[in-house]
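Peer 1: build the 3D model from these lines:
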Amino acid sequence: MSHSGRPEAVGGTGPRDPHAWNPHAHDPHAHDPRQVAVWRLRSRGCWDDAAALLAPYAEGDPVVTLQRAALLVERCMFTAAGWAEAEDALRAAEAVARTDDERGAAACERGHLAYTATVLGARDRADEARAALGRSAALLAPSAPGRPLLDFRRGLIAEHIADSPQAARAAYRRAHAGATAQGDLLLCSSTWRHLAGLALRDGELAEARHGFAESLRLREELGYLIGTAPALVALAEAEPEPEATRLRAEAARLFRLLGGHPTWLADQLTTAPAA
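Peer 2: Next comes the predicted model:
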């Protein structure tokens, strides 16, 4: 999945970029052509092409190997397919991890794959997801760059598997604060969206509308097309008509443009008019 946009993150000889341990972090000011190409492919749902671009640099390099694995895990999340390839890539990342940060980042990615398989109904791996994220928490220091992503994913477990919105809200807030401090705009867009979802669940319509709008704004600014349709649909849930219908129509257009991804959005768009 997206990855650090710094030159050191792929094939470089300089110090490791701290964002490397959040394989989803995207630097909109990146100048490394390879990372820019990976981001553009990923943002349009071309995960296989992005992973292939990284493959020559991944062998033996824990940063790039994890980055490639994260791309393939994200493909699972959006397509509900490619599980075996993601597992293979994760095993490779786990095999080359040497430091606690590297092992903690790989464990965080494994937890996310297990969570994704569970919520998409591919296979119940909830216990594995909890265990992997717990292992990641034990390995990553509180100030580690990968900690905000870990907090976010623990919030997902709390909300969608444990059905504990209070714990989820606390985890999302920690993730949001950490992502803001790191300038990780893509993670901020996710924390805004999930905090807004909890606000909507509580009937806090204004707060929900604000959070969904911020999430959409950030995804549009970053050019994260594959994640824009879900953000549009989420905002539509908090907007009155006719704005809600307009947002769903725009989401349906993007959904078709991107080949029917994410697959789980289809049911929410069946009544959206073509536009």
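Peer 1: could you measure from Ala251 over to Pro242?
Peer 2: 15 Å (CB to CB, to the nearest Å). For the C-beta atoms, the positions are set from N, CA and C on the backbone; glycine is no exception.
Peer 1: next: Leu133.
Peer 2: 42 Å.
Peer 1: compare the two and say which is more crowded by neighbours.
Peer 2: The neighbour count for Leu133 versus Pro242, taken as other CB atoms under 10 Å, is higher for Leu133 (23 against 9).
Peer 1: ok, that one touching Ala105?
Peer 2: No. Applying CB atoms under 8 Å, one finds Leu133 not in contact with Ala105, separated by 11.8 Å.
Peer 1: what strand or helix carries Leu254?
Peer 2: helix 243-257 (DSSP states H and E).
Peer 1: residues contacting Ala177?
Peer 2: For Ala177, the contact set (CB atoms under 8 Å, 6 or more residues apart in numbering) comprises Pro148.
Peer 1: chain center to the helix holding Leu254: distance?
Peer 2: The chain centroid and the centroid of helix 243-257 are separated by 21 Å, computed with CA atoms, centre = their mean, to the nearest Å.
Peer 1: what comes into contact with the helix or strand following that helix?
Peer 2: Following helix 243-257 in sequence order, the next helix or strand is helix 266-269 (DSSP H and E). Residues outside helix 266-269 that contact it (CB under 8 Å, 6+ apart) are Ala229, Val233, Arg248, Ala251, Ala252, Phe255, Gly260.
Peer 1: the fourth one is in contact with Leu265, isn't it?
Peer 2: Think Ala251. Yes. Between Ala251 and Leu265 there is a contact under CB under 8 Å: 7.4 Å.
Peer 1: of the two, which one has the most company?
Peer 2: Ala251 (24 against 19).
Peer 1: and the closest residue to that one other than its chain neighbours, what element?
Peer 2: The shortest distance from Ala251 to any non-neighbouring residue, by CB to CB, 6 or more residues apart in numbering, is to Leu232 (3.8 Å). Secondary structure from DSSP H and E places Leu232 in helix 228-236.
Peer 1: quick one: that helix to helix 243-257, angle?
Peer 2: For helix 228-236 against helix 243-257, the angle by axes from the mean of the first three to the mean of the last three CA atoms, to 10 degrees is 170 degrees.
Peer 1: and the helices in this protein, which stretches?
Peer 2: Assigned by DSSP state H, the chain shows helices spanning 33-43, 47-58, 62-79, 83-96, 100-119, 126-139, 147-160, 165-182, 185-201, 205-222, 228-236, 243-257, 266-269.
Peer 1: tell me the most buried of the ones you listed?
Peer 2: helix 62-79 (a mean of 26; mean count of other CB atoms under 10 Å).
Peer 1: how distant is that one from the center of its chain?
Peer 2: Using CA atoms, centre = their mean, the offset of helix 62-79 from its chain centre is 10 Å.
Peer 1: mind saving the C-alpha coords of that helix as PDB?
Peer 2: What follows is helix 62-79, C-alpha atoms only, in PDB (Å, rounded to 0.1, in the frame of the first residue of the first chain):
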ATOM      1  CA  PRO A  62      12.500  -5.300   5.000                       C
ATOM      2  CA  VAL A  63      11.100  -1.800   4.100                       C
ATOM      3  CA  VAL A  64      10.300  -2.600   0.500                       C
ATOM      4  CA  THR A  65       9.200  -6.100   1.300                       C
ATOM      5  CA  LEU A  66       6.700  -4.900   3.800                       C
ATOM      6  CA  GLN A  67       5.600  -2.100   1.400                       C
ATOM      7  CA  ARG A  68       4.900  -4.700  -1.300                       C
ATOM      8  CA  ALA A  69       3.000  -7.000   1.200                       C
ATOM      9  CA  ALA A  70       0.900  -4.000   2.300                       C
ATOM     10  CA  LEU A  71      -0.100  -3.400  -1.200                       C
ATOM     11  CA  LEU A  72      -1.400  -6.900  -1.600                       C
ATOM     12  CA  VAL A  73      -3.200  -6.800   1.700                       C
ATOM     13  CA  GLU A  74      -5.000  -3.700   0.600                       C
ATOM     14  CA  ARG A  75      -6.000  -5.400  -2.700                       C
ATOM     15  CA  CYS A  76      -7.700  -8.100  -0.500                       C
ATOM     16  CA  MET A  77      -9.600  -5.300   1.300                       C
ATOM     17  CA  PHE A  78     -10.900  -3.700  -1.900                       C
ATOM     18  CA  THR A  79     -11.500  -6.800  -4.000                       C
END
